[in-house]
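> Just the structure for this:
(one chain, ligands or ions: 1)
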Amino acid sequence: MALTLDQLNAAAPDEALRLLDGLYEHSPWVVQRALAQRPFATLAALQWALVQSLAAATRDEQLGLIRAHPELAGKAMVANTLTAESTGEQSRAGLTHCTPDEFAQLQRLNADYNARFGFPFILAVRGPRGSGLTRQQIIAAFERRLGNPVDFEREEALRNIHRIAEIRLGDKFGVEPELGHRVWDWHEALAQHSDPGFKEQGQLTVTYLTDAHQACQRELMARMRESGFDEVGIDAVGNVVGVYHSAQEAGFAAGPPQGETAPSGGSEPREAGSVGAMRLLTGSHFDTVRNGGKYDGRLGIFVPIACVERLHRAGRRLPFGIEVVGFAEEEGQRYKATFLGSGALTGHFNPAWLDQTDADGIRMQDAMRAAGLPGTLDAIAALRRDPARYLGFVEVHIEQGPVLNEMGLPLGVVTSINASVRHVGEVIGMASHAGTTPMDRRRDAACAVAELALYLEQRAAQDGDSVATMGLLQVPGGSINVVPGRCAFSLDLRAPTDAQRDALERDVLAQLSAICERRGLGHRLERTMIAAAAPSAPDWQARWERAVAALGLPVHRMPSGAGHDAMKLHEVMPQAMLFVRGENSGISHNPLESTTSHDIELCVLAFEHLLNGL
Ligand SMILES: [Zn+2]
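Numbering: from 1, shown residues only. A predicted model of the protein is given here:
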């Protein structure tokens, strides 16, 4: 018989401790201290108590717990002296069936790791979905973590111990995050589409309107149709749009047209002023950076799809429609345009973008037509939404930072999105012979840009919470024996308020002019994006807070350092975001980006709570 929370809450202290036996390897004190917080309303609340229990322990107690763990594929496994839990986990990960080479490699890693950190390597080998990492993934994680700083790695070991306990807890309670698994699998499937040059290397890259991008559109549409959306289509900038009708709309449209109807956004007549005609807008982007992660953006499309699927299966309609948009473009990778997808909905599509060319010289307008889109400004202008017909915009996103991961919290409520501005530019000097041009006679464009890069670092640090990055730095047509005559670069500046960002930008641009003047160089600069800080609408933020609290979790409020589609929608309607914890210190824009099916499930449930409370 699986354990229930009622049983655990009602049990005498010794009995409760026995019920959770084996959760933390040879260390019942972690559970014992957490049990003082009974009763627990949810499993998530119990887990939070466990996180707090371990966080409050002394350093020696924490190290004792870490050292109570067996080595992976170590002597204890070979001698068959592991706990029942560890035996199951290690054999499920295939560690009992290593090849002699793998076994030797693991022994070497165990020895190196122990020598460096003084405790055994701990990894939740059942992985983010609970179904088990491959031996290759385990060895790769081992090698990667060997390079971590000692203090960081101790915390990472504790996080893995909590993850192991989370899965063991699910086994005890007979609870699987089936919903989370399902949505996790959707991400895996969508990540099979990747641009040429990256796919071959197993990397994920999906840029605007490539074949892989169009394959993603088709897959998202199919997912929406299967999930019971009433209208599914691709709009004029390539966004995938699905609408689940309100009770009122569904009643009016007896037998709504299935499948191919392209949602027309604001232009289609509908009775205004009644709640039934109102919609909640939500979604995020499905394009990626180069060699990016599987969850950035996509989580914010799949989570509401999962909610609609549950409504549809239950035969339920809400008093408002749900419009889920998979935004075609947010990352600004192929063209010098960002938020192209969400910008079209707010009427901020820049007409000049259509004539922009990508690295292969393909104009955006031609790329659109090749992808079957009209490629006209009229069609794009028609996508503009009438804010009066929307309740607001909510977006779910992976945090892309370390905060929730460090706190041991699955969800966080966003208070505001940082203001940002981007430029691309070029410094122009004189290409000349590297051997014959004396140092005092050079007009070296790359040295000027390097000087600016160092200034960026120092100026942003001065604010404390500003960030500045030069992510692109390139000498076009450069050569080993030529003084750089040109140097192309980018600027990405962000700060919590518009005024702070403006001051940062002013100083950086002034410094660029000063550097160029001193060195006798010219420069060009193009501002490609500017976005105001986007504070969450208080009533919408409060809805997310209630949803998180309803799961038995503490409400953690945090700003967003990254830009999101919500900051575009912010220009026309109230918005608020929910963050989901990322594994591996919340790393993002990186293939190591990861989140667990447990966290995804909590996120779906939070979204559902928000829908039901509207
Ligand atoms: Zn994103």
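> and the closest residue to residue 527 other than its chain neighbours, what element?
Among residues not flanking residue 527 along the chain, residue 423 sits closest, at 5.2 Å (C-beta to C-beta, 6 or more residues apart in numbering). The way it works is simple: take the backbone N, C-alpha and C, and place the C-beta from them, glycine included. According to DSSP states H and E, residue 423 maps onto strand 419-428.
> Adjacent strands (with direction) for the next helix or strand after that strand?
Using DSSP H and E, the helix or strand that follows strand 419-428 in sequence is strand 432-433. Sheet pairing of strand 432-433 (DSSP bridges) gives strand 482-483 (antiparallel).
> What average pLDDT does the partner strand get?
Strand 482-483 shows a mean pLDDT of 97.
> Residue 391: how many residues sit nearby?
18 (other C-beta atoms under 10 Å).
> Surely it is in a helix?
No - read with DSSP: H, G, I helix; E, B strand; the rest coil, residue 391 is strand and lies in no helix.
> quick one: it and the ion, what's the gap?
Computed as C-beta to the ion, to the nearest Å, the residue 391 to the ion distance reads 23 Å.
> you'd agree that residue is up against residue 278?
Yes - applying C-beta atoms under 8 Å, one finds residue 391 in contact with residue 278, separated by 5.4 Å.
> Spit out the residues that contact those two alike.
When contacts are counted by C-beta atoms under 8 Å, 6 or more residues apart in numbering, residue 391 and residue 278 have residue 320 as shared neighbours.
> Parallel or antiparallel, which strands does the strand holding residue 423 pair with?
Note on strand 419-428: by DSSP bridges, its sheet partners are strand 486-495 (antiparallel), strand 522-531 (antiparallel).
> and that strand, average pLDDT?
For strand 419-428, mean pLDDT is 96.
> try stretch 303-317
97.
> rewinding a little: what sits against the residue nearest to residue 527?
Counted by C-beta under 8 Å, 6+ apart, residue 423 has contacts 490-491, 525-528.
> Then residue 392?
So residue 392 contacts 280-281, 537, 540, 573-576 (C-beta under 8 Å, 6+ apart).
> Pairing partners for it in the sheet, please.
Assessed by DSSP bridges, residue 392 has beta-bridge partners residue 280.
> Would you check how far apart it and residue 614 are?
Distance, residue 392 to residue 614, by C-beta to C-beta, to the nearest Å: 9 Å.
> Spit out the residues that contact the two alike.
residue 280.
> which stretches of this protein have low pLDDT?
252-276 (pLDDT under 70).
> Run through the residues of it sitting next to the ion.
Residues of the chain lying close to the ion by C-beta under 5 Å from the ion are 296-297.
> The lengthiest helix in the chain packs against which elements?
Longest helix in the chain, counting residues (DSSP state H): helix 150-173. Where contact means 3 or more C-beta pairs under 8 Å, 6 or more residues apart in numbering; DSSP states H and E, helix 150-173 is packed against helix 43-55, helix 59-67, helix 100-117.
> Dump these to CSV, plus distance to residue 291 and mean neighbour count.
As requested, those are exported to CSV (distance: least, C-beta to C-beta, whole Å; neighbours: other C-beta atoms under 10 Å):
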stretch, distance to residue 291, mean neighbour count
helix 43-55, 32, 20
helix 59-67, 32, 16
helix 100-117, 25, 15
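> buried ones in the longest helix of the chain?
Within helix 150-173, the residues that qualify as buried are 153-173, counting by 16 or more other C-beta atoms under 10 Å.
> Just the CA atoms from that helix would do, formatted as CSV, please.
The C-alpha coordinates for helix 150-173 follow below in CSV (Å, rounded to 0.1, in the frame of the first residue of the first chain):
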residue,chain,number,x,y,z
VAL,A,150,34.7,23.1,-3.9
ASP,A,151,32.0,25.1,-2.1
PHE,A,152,29.7,25.1,-5.2
GLU,A,153,30.1,21.4,-5.6
ARG,A,154,29.1,20.7,-2.0
GLU,A,155,25.9,22.6,-2.6
GLU,A,156,25.4,20.7,-5.9
ALA,A,157,25.8,17.4,-4.1
LEU,A,158,23.1,18.5,-1.6
ARG,A,159,20.8,19.5,-4.4
ASN,A,160,21.3,16.1,-6.0
ILE,A,161,20.5,14.4,-2.6
HIS,A,162,17.2,16.4,-2.5
ARG,A,163,16.4,15.3,-6.0
ILE,A,164,17.1,11.6,-5.1
ALA,A,165,14.9,12.1,-2.1
GLU,A,166,12.2,13.6,-4.3
ILE,A,167,12.1,10.5,-6.5
ARG,A,168,12.2,8.1,-3.5
LEU,A,169,9.4,10.1,-1.9
GLY,A,170,7.3,9.6,-5.1
ASP,A,171,8.0,5.9,-4.9
LYS,A,172,6.8,5.8,-1.3
PHE,A,173,3.7,7.7,-2.0
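> count of neighbours near residue 509?
The tally of other residues near residue 509 (other C-beta under 10 Å) stands at 18.
> Could I get the buried residue list for the helix or strand containing it?
Assigning secondary structure by DSSP H and E places residue 509 in helix 498-519. For helix 498-519, burial by neighbour count (16+ other C-beta under 10 Å) applies to 498, 500-501, 504-505, 507-509, 511-512, 515-516, 519.
> can I get the residues you listed in CSV with distance to residue 185?
CSV is the format used below for these (distance: C-beta to C-beta, whole Å):
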residue, distance to residue 185
498, 41
500, 42
501, 39
504, 42
505, 43
507, 48
508, 44
509, 47
511, 49
512, 48
515, 51
516, 52
519, 55
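> separation between the residue lying closest to residue 430 once chain neighbours are set aside and residue 472?
Closest residue to residue 430 apart from its sequence neighbours, by C-beta to C-beta, 6+ apart: residue 443 at 4.1 Å. Distance from residue 443 to residue 472, counting by C-beta to C-beta: 21 Å.
> just residue 340 next, same as before
Counting by C-beta to C-beta, the gap from residue 340 to residue 472 is 19 Å.
> do the same with residue 298
From residue 298 to residue 472 the distance is 25 Å (C-beta to C-beta).
> Which single residue in the stretch 1-150 of the chain comes nearest to the ion?
residue 128 (18.5 Å; C-beta to the ion).
> which SS state does that residue fall under?
For residue 128, the secondary structure call by three-state DSSP comes out as coil.
> Give the full set of residues in contact with it.
Counting by C-beta under 8 Å, 6+ apart, residue 128 makes contact with 184, 583, 594-597.
> Which of these fall within helices?
184, 583, 597.
> Which residue comes closest to residue 459 once chain neighbours are left out?
Among residues not flanking residue 459 along the chain, residue 507 sits closest, at 5.6 Å (C-beta to C-beta, 6+ apart).
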